[in-house]
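>>> this one's sequence-less:
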């Protein structure tokens, strides 16, 4: 008898639990359904929807200058923006449903959406 | 033998009250320790639940756990707040898991397996409540895998600690005193 009373059931549960954790990581961080559309919202303008279907570059002019947006199949990013702290660029590739990049100097948000319905914002 | 309820209901009630008091104490002490990651804590009070389960049975474990949730929230001032509901949801989920696995212990299953399963159920129950009601954000599931990993680790640790508690001669004396106690 071992000191902590291990039984075969403990090994089964340990293995199942480890598999569950690994599966959870895999499912959460490698989602099957990725982003499909980029929503460009600028203060004072109607949101612009751009499908993430082919590689291209967009330029959006705002109060502080030009924000250059790169679009690739399934993802988009803020490639260059006038903000001196590079917060917009720092968001990296937007590829999961709900990922968002913001350029405050240009009063601009970039958000990619997938197929599932999401929430616009969250307050609590 | 572990798992046999003591014959005397009054003695059993006293044991439940004592265990619940210990569990409340542990939970309050744990609440005072800042956690490096929000949402992750050792859950040492679950040692008491496991001891109650394996010594007194599932109903006693449920009583100890629910008293702990209520009592510690009264003392921490979180009664009926989101923290309380999350705590309760986790407790109910882990008790349900323990009810399913209880018949396998101690023959096929030790405290470590019970603790890991209960910890995962606890985290999942809390997460479902949080996601469904409190913070229904589409990206919240991204938090679940690290929380489950933490539950796996802390569950294993509480299981090992519970096994040591159960193996302690002073506890063993209580486990076995059903016949010899005056």
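Thanks, I have it. No experiment lies behind these values; they were computed from the predicted model shown. Numbers count the residues shown, from 1 in each chain, chains lettered A, B, ... in the order given.

>>> now do the contacts for the residue lying closest to residue B:142 once chain neighbours are set aside.
Closest residue to residue B:142 apart from its sequence neighbours, by Cβ to Cβ, 6 or more residues apart in numbering or on different chains: residue A:28 at 5.3 Å. Where you see a C-beta, it was placed from the backbone N, CA and C, and this is true even at glycine. Counting by Cβ atoms under 8 Å, 6 or more residues apart in numbering or on different chains, residue A:28 touches B:141, B:142, B:144, B:145.

>>> buried members of these into ChimeraX, please.
Restricted to buried positions by 16 or more other Cβ atoms under 10 Å in any protein chain shown, the ChimeraX selection for those reads:
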select /B:144,145
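
>>> for chain A, state which of the contacts of residue A:28 is nearest.
residue B:145 (4.1 Å; Cβ to the nearest Cβ).

>>> I'd guessed that closest one sits against residue B:120; true?
No. Residue B:145 is beyond contact range of residue B:120, at 11.8 Å (criterion: Cβ atoms under 8 Å).

>>> contacts for stretch A:70-88, please.
Applying Cβ under 8 Å, 6+ apart, the contact partners of stretch A:70-88 are A:34-36, A:38, A:50, A:52-58, A:62, A:64-69, A:89, A:91-95, A:101-106, A:108, A:110, A:112.

>>> let's see that with 6 Å instead.
Contact partners of stretch A:70-88, identified using Cβ atoms under 6 Å, 6 or more residues apart in numbering or on different chains, comprise A:34, A:38, A:52, A:55-57, A:64-65, A:67-68, A:89, A:93-95, A:101, A:103, A:105, A:110, A:112.

>>> ok, now stretch B:157-170?
Under the criterion Cβ under 6 Å, 6+ apart, residues A:4, A:5, B:43, B:46, B:47, B:50, B:51, B:111, B:112, B:115, B:171 lie in contact with stretch B:157-170.

>>> go again with 7 Å.
For stretch B:157-170, the surrounding residues in contact (Cβ atoms under 7 Å, 6 or more residues apart in numbering or on different chains) are A:3-5, B:2, B:42-44, B:46-47, B:50-51, B:54, B:110-112, B:114-116, B:119, B:171.

>>> where do the strands sit along chain A?
All strands of chain A, identified by DSSP state E, fall at A:37-42, A:48-51, A:56-62, A:65-72, A:75-80, A:100-103, A:108-113.

>>> the residue nearest the centre of chain A: what's it in contact with?
Geometric centre of chain A, nearest residue: residue A:99, 2.7 Å, by Cα atoms, centre = their mean. Neighbouring residues of residue A:99 by Cβ under 7 Å, 6+ apart: A:35, A:111, A:112.

>>> can you select the buried ones from those in PyMOL?
To isolate the buried ones among the contacts of residue A:99 in PyMOL, judged by 16+ other Cβ under 10 Å, type:
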select buried, chain A and resi 35+111+112
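
>>> distance check, the residue nearest the centre of chain B against residue B:117.
By Cα atoms, centre = their mean, the mean C-alpha position of chain B lies nearest to residue B:46, the distance being 2.9 Å. Distance check for residue B:46 against residue B:117: by Cβ to Cβ, to the nearest Å, it reads 11 Å.

>>> and the longest helix for chain A?
helix A:8-29 (DSSP state H).

>>> flag every buried residue along that one.
Residues A:9, A:10, A:13, A:14, A:17, A:20, A:21, A:24, A:28 are the ones in helix A:8-29 that count as buried (16+ other Cβ under 10 Å).

>>> chain A contacts on chain B?
Within chain B, the residues that sit near chain A (Cβ under 7 Å from any Cβ of the partner chain) are B:104, B:106, B:108-113, B:116-117, B:120, B:135-139, B:141-142, B:144-145, B:148-149, B:152, B:160, B:163-164, B:167.

>>> which of these count as buried?
Judged by 16+ other Cβ under 10 Å, buried ones among the residues of chain B next to chain A: B:104, B:106, B:109-113, B:116-117, B:120, B:137-139, B:144-145, B:148-149, B:152, B:160, B:163.

>>> can you tell me which of the residues you listed are in helices?
Within those, residues falling in helices by DSSP H are B:111-113, B:116-117, B:120, B:144-145, B:148-149, B:152, B:160, B:163.
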